[in-house]
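Engineer: Quick one: sequence and predicted model below, then my questions.
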Amino acid sequence: SDSDCGSQLPCDQLVSPIALAACTRVDSCFAPWFVPSLGVSLQLAQLEVHLCHHLEQLGTVPSRKLHPFLPDRKLPQEQEFMVIGSRGPQVFMRQWNNGPRHCQEMSFSTQLDCKLLEYRNLTHLQLLQARPPL
C-alpha cells in the first residue's frame, strides 16, 4: 500500500483505539523488587540525657589540692551537671538499591537545648539552644 511507502494519503483504520483498549487484558503480577527495601520513620515527643558525677566512684582519699578542706559527706552521691534535651526529634530514613534507581535518604530534625549547672548559684545556664529553620 501507499501508506507503507510513506505517502501522506489517509488510510482506513483496521481497529479503532477504543476497540483495541476494550479487548486488551492486563494481568497483575507481584514482583519483590517493587517492594521498598527499607523505610524507617521515628518520632518522639521529648528526649533528655542527664549527665551526672558519681562521687562514690572517685575514691576516698581527699585531693592534695583541696588541703586543708575536707568534704563533709553530706553531698548527694550523684550530682547532675548537664542536661541535654531534644524536643520533638524526627528521624526518617529511606534506602533503595534497585539498579539505576539507587536512592539513599536520611533526614533529622529537632529542637536542641543544653543546660549546664553553675555550682556558684546552683542554677542551670542555657549553653546551647538550636531550633530548625522555618
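Structural biologist: All right, it came through fine.
Engineer: Tell me which residues of the longest strand anywhere in the chain come out buried.
Structural biologist: When the chain is parsed with DSSP state E, its longest strand is strand 78-98. The neighbour-count check on strand 78-98 (16 or more other C-beta atoms under 10 Å) flags 83, 84, 85, 86, 89 as buried. Any C-beta I mention is one placed from the backbone N, CA and C, and that applies to glycine too.
Engineer: Not counting sequence-adjacent ones, nearest residue to the most centrally placed residue in the chain?
Structural biologist: Residue closest to the average C-alpha location in the chain (C-alpha atoms, centre = their mean): residue 91, at 1.9 Å. Distance criterion C-beta to C-beta, 6 or more residues apart in numbering; nearest residue to residue 91, sequence neighbours excluded, is residue 42 at 4.4 Å.
Engineer: And the contacts of the helix or strand that contains the one you found?
Structural biologist: If you go by DSSP states H and E, residue 42 is part of strand 38-43. With contact meaning C-beta atoms under 8 Å, 6 or more residues apart in numbering, strand 38-43 is reached by 88, 89, 90, 91, 92, 93, 94, 95, 96.
Engineer: Could you rerun that using 10 Å?
Structural biologist: 88-97, 104-109 (C-beta atoms under 10 Å, 6 or more residues apart in numbering).
Engineer: and the residues you listed, which two are the farthest apart?
Structural biologist: Spatially, the most separated pair among the contacts of strand 38-43 is 88 and 97, at 30.7 Å (C-beta to C-beta).
Engineer: Can you point out the helix or strand that includes residue 68?
Structural biologist: For residue 68, there is no host helix or strand (DSSP H and E).
Engineer: From here on, call the first residue 58.
Structural biologist: OK, 58 is where the count begins now, so the last one is residue 125.
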